[in-house]
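Novice: structure, please.
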Amino acid sequence: MGTLQEKFMQLKNELESEFSIKSAEKLLNEICNVNNSDSIELLLSLLKDDFEYDEFMFSIIHCIEKFETQIYVKHILNSIPTFIYKSPRWASIIHMRILNSEKTLLAYIIEIRQNAVD
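Specialist: The predicted structure follows:
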């Protein structure tokens, strides 16, 4: 079965070598099924603006969006400092999705306010 980190490394290697959508989707599903919120930031690190298959990048987004809203936005905010520079296109897409979901936007605002106070 393997740990989250092992599965992540397998997926990362798959994306950096001879890419197989079937194999990559299988690994991504295994990571999603682990249901560990630590996977959010790991998966965000895989998003690449120049990746050939946008549909797989959206699969990554759909996986991370399955988490409870507060957990999801907290990890997005934790990832912004590196994520926005590494992959500005996908950072923009994720933020558009947040803005278009009233529930997620409210959780995002609350999380930002709480972090500003801390």
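
Novice: which positions in the helix ranked longest in the chain come out as buried?
Specialist: Longest among the helix segments of the chain by residue count, using DSSP state H, is helix 69-86. By neighbour count with 16 or more other C-beta atoms under 10 Å, helix 69-86 contains the buried residues 69, 72-76, 79, 83. All C-beta atoms are positioned from the backbone trio N, CA, C, and that covers glycine.

Novice: how about stretch 41-50?
Specialist: 42-47.

Novice: phi and psi next, for L47.
Specialist: As for L47, its main-chain torsions (degrees, to the nearest 10) stand at phi -70, psi 130.

Novice: please disregard the earlier target; I meant L46.
Specialist: phi -90, psi -20.

Novice: so who does it touch?
Specialist: Neighbour list for L46: 11-12, 15, 60 [criterion: C-beta atoms under 8 Å, 6 or more residues apart in numbering].

Novice: look up how far K22 lies from it.
Specialist: 17 Å (C-beta to C-beta, to the nearest Å).

Novice: again with I31
Specialist: From I31 to K22 the distance is 15 Å (C-beta to C-beta).

Novice: more neighbours: which of the two?
Specialist: Neighbour count, other C-beta atoms under 10 Å: between I31 and K22, I31 has more, with 22 against 7.

Novice: quick one: the more buried one and K66 touch, right?
Specialist: No. Here I31 does not reach K66: they are 11.1 Å apart, not a contact under C-beta atoms under 8 Å.
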